[in-house]
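K.L.:
predicted structure and sequence below. I'll ask about it afterward.
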Amino acid sequence: MDPNAPRKAPDPKDLERLQRVQRRVISVLVVTTILHLSVGFVIAAEHVADDRLDARIGLNLIAAAFMVGGIAATLVINGRSWKSAWLLLGLVPGLVGIWWTVL
């Protein structure tokens, strides 16, 4: 650090780009973490006893609920309304899980 050459003030455009990249990175982390959690619930539903159909369906519903919540969180992080058609994508792990474990 040189006291005779102070740092210039950051450019507002550079700060805006940095914040946009930070939002994208945290969004990807949120979605992948919640996706892994949802898949874990589906795998847990597969290992439940065959006579516990209620537990299998319940775990798959929990997987879908977590995924919907993760997508809603991502939308909010990016400054968009959480009420979006993208939330339907969160139902995919639950539907695939029910198809895989019940049918």
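P.N.:
It's in.

K.L.:
what's the following helix or strand after the helix or strand containing residue 56?
P.N.:
Element membership for residue 56 (DSSP states H and E) is helix 53-77. Counting by DSSP H and E, the next helix or strand C-terminal to helix 53-77 is helix 92-101.

K.L.:
ok, back up a step: list the buried residues of the helix holding residue 56.
P.N.:
56-57, 59-75 (16 or more other CB atoms under 10 Å). Yep, even glycine has a C-beta here, placed from its N, CA and C like the rest.

K.L.:
what's the answer for stretch 33-53, then?
P.N.:
Buried, per 16+ other CB under 10 Å, within stretch 33-53: 34-35, 38, 41-42, 44-45, 48.

K.L.:
and the angle for the biggest helix by length in the chain with helix 92-101?
P.N.:
Ranked by residue count, the top helix of the chain under DSSP state H comes out as helix 12-46. Here the directions of helix 12-46 and helix 92-101 differ by 20 degrees (axes from the mean of the first three to the mean of the last three CA atoms, to 10 degrees).

K.L.:
what is the burial count for residue 94?
P.N.:
24 (other CB atoms under 10 Å).

K.L.:
residues touching it, list them.
P.N.:
Contacts for residue 94 (CB atoms under 8 Å, 6 or more residues apart in numbering) come out as 38, 42, 60-61, 63-65, 67.

K.L.:
do the same with residue 70
P.N.:
30-31, 33-35, 38, 90.

K.L.:
which one is it nearest to, not counting chain neighbours?
P.N.:
residue 34 (3.0 Å; CB to CB, 6 or more residues apart in numbering).
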